[in-house]
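Visitor: pasting the sequence and the predicted model now:
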Amino acid sequence: MEYETQSNYEMPHQNELMPENKNKIPLIRRYFSRLGWMYFLGTLLIFGVQFVVSFLIARLPFLYPRSTDAYLFASSIPMYVIGMPLMALLIKTVPAVSIEKHKMTFRQWLTAFFMCYAVMYLSNLVGVGVTMLIGLVKGTPVENTLLDVVSDISPWTAVFIMVLCAPIAEELIFRKLLIDRTAKYGEKVSILFSGFFFGLFHGNLNQFVYAFMLGMFFGFIYVKTGKLIYTIALHMAVNFLGSVAGMLVLESSAYDELMNASGDTALLMQTVSEHLPGLLFLSLYGLAILGFLIAGIICLAVNFRKMKLRPGVAGVPKGKLLSAAFFNIGVILFALFWLIQIILQLLE
């Protein structure tokens, strides 16, 4: 899986993006601050839309959802239909670059899928470990809001919201719109921004670690191909395995009976004989997940050194770019807003 192709960035607004003066850092800081402001204001718009919807639901009894599925639809659809499109319009006010398009073969995409699954699985273990430690320190477990929601909705709702809507909207906002506006300053800073903003946007520590790592991996695929369809497909596949497939397994009667029979040999043998088809499905699912993980680790080991990142073309002094990109009022406001949400979630 080779990703060392060369791309030529077309630079609109050259006076703003490619200053000829010796000290470019203040201009770069202002550029990234403007981008951070757009994401911050877009976030406020999303929260505003969701607040209005929640207010209407609470004040108008005939709108009150009768199920978790209905409530998820009522809170998510306005975000995807109104909030995130408004956020996209704000982001588009910042000048973008044109990234050269490159095709991926199916074999390359499949390799990328195994790699991103391994990245997601291993980084999720880190996130779970961190939240467990925090739970031990504060004396109560850290709530996993995503797990609570997924376990209480129908598979069809999970498919529509988490497998269709979320990947399309999030890849547009945090891959295409963000990377098109940062790739000029180098692929490293671009994918760091993609992962950092994407992880924060999830608003809870349970998801931050693996969302950050996945965001960077999806960002890498996008900067090398310039085609959003590849990252959307990867995002959909990962979300399907993590939400729909996992939920079907956890809710299966065979799984429940197996958990109840653990520790009792006689009951375990009876459960196996009575729920053999369901247990075979669970075994195949477990083997598939294990296979994806092992294949992903192998692919990462083989291809890691080939995943080269090109520097930017702005002629920025070495060591100054990341500080200018991250330490500015716009980016700090966006980060603080979501860090507060994460802290509040930890304190619940």
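Guide: Looks like it arrived, so ask away. Quantities reported herein were computed from a predicted structural model and do not represent experimental measurements. Numbering: from 1, shown residues only.

Visitor: end to end on stretch 320-330, go ahead and measure it.
Guide: From its first residue to its last, stretch 320-330 covers 18 Å (C-alpha to C-alpha, to the nearest Å).

Visitor: and that stretch, what's its mean pLDDT?
Guide: Stretch 320-330 carries an average pLDDT of 91.

Visitor: which element is the residue nearest in space to the middle of the chain on?
Guide: Note on the chain: the residue nearest the mean C-alpha position is A211, at 4.1 Å, using C-alpha atoms, centre = their mean. Assigned by DSSP states H and E, A211 belongs to helix 205-225.

Visitor: buried sites along the following helix or strand past that helix?
Guide: Counting by DSSP H and E, the next helix or strand C-terminal to helix 205-225 is helix 228-239. If you call a residue buried by 16 or more other C-beta atoms under 10 Å, then helix 228-239 has these buried ones: L228, Y230, T231, I232, A233, L234, H235, M236, A237, V238, N239. C-betas here are computed from N, CA, C, even on glycine.

Visitor: gap between the fifth one and F212?
Guide: When distance is defined by C-beta to C-beta, to the nearest Å, A233 is 21 Å away from F212.

Visitor: lowest-confidence helix or strand of this structure?
Guide: Least confident element among the helices and strands of the chain, by mean pLDDT, DSSP states H and E: helix 14-17 (a mean of 43).

Visitor: show the contacting residues for V142.
Guide: Contact analysis of V142 by C-beta atoms under 8 Å, 6 or more residues apart in numbering lists T131, M132, I134, G135, L205, N206, Q345, L346.

Visitor: which of those residues are buried, as a PyMOL select command?
Guide: What follows is the PyMOL syntax selecting those of those that are buried according to 16+ other C-beta under 10 Å:
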select buried, resi 131+205+206+345+346
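
Visitor: can you pick out the most distant pair from the contacts of V142?
Guide: Greatest spatial distance among the contacts of V142 (C-beta to C-beta): M132 and Q345, at 14.8 Å.

Visitor: where exactly do the strands run in the stretch 51-200 of the chain?
Guide: Using DSSP state E, counting those that start in this stretch, no strands are assigned anywhere in the stretch 51-200 of the chain.

Visitor: can you map out the helices along it?
Guide: Remark: helices assigned in the stretch 51-200 of the chain by DSSP state H, counting those that start in this stretch are 68-78, 84-91, 106-138, 145-150, 155-158, 166-171, 177-179, 187-201.

Visitor: packing partners of the fifth one?
Guide: If you count contacts as 3 or more C-beta pairs under 8 Å, 6 or more residues apart in numbering; DSSP states H and E, helix 155-158 packs onto helix 68-78, helix 246-250.

Visitor: okay but the residue nearest to the centre of the chain is in contact with F197, surely?
Guide: No. In this structure, A211 is not within contact of F197 by C-beta atoms under 8 Å, at 9.9 Å.

Visitor: before we move on, the earlier item: CA-only coordinates of the helix holding A211 in CSV, if you can.
Guide: Only the C-alpha atoms of helix 205-225 are listed here, as CSV (Å, rounded to 0.1, in the frame of the first residue of the first chain):
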residue,chain,number,x,y,z
LEU,A,205,-13.6,11.0,26.9
ASN,A,206,-14.9,7.5,26.1
GLN,A,207,-14.8,8.3,22.4
PHE,A,208,-12.1,11.0,22.2
VAL,A,209,-9.1,8.7,22.1
TYR,A,210,-10.3,6.5,19.3
ALA,A,211,-12.0,9.3,17.4
PHE,A,212,-8.8,11.3,17.5
MET,A,213,-6.8,8.4,16.1
LEU,A,214,-9.4,7.4,13.5
GLY,A,215,-9.7,11.1,12.5
MET,A,216,-6.0,11.2,11.8
PHE,A,217,-6.1,8.0,9.8
PHE,A,218,-9.1,9.1,7.8
GLY,A,219,-7.3,12.4,7.3
PHE,A,220,-4.2,10.6,5.9
ILE,A,221,-6.4,8.7,3.4
TYR,A,222,-8.0,11.9,2.3
VAL,A,223,-4.8,14.0,1.8
LYS,A,224,-3.4,11.1,-0.3
THR,A,225,-6.5,10.5,-2.4
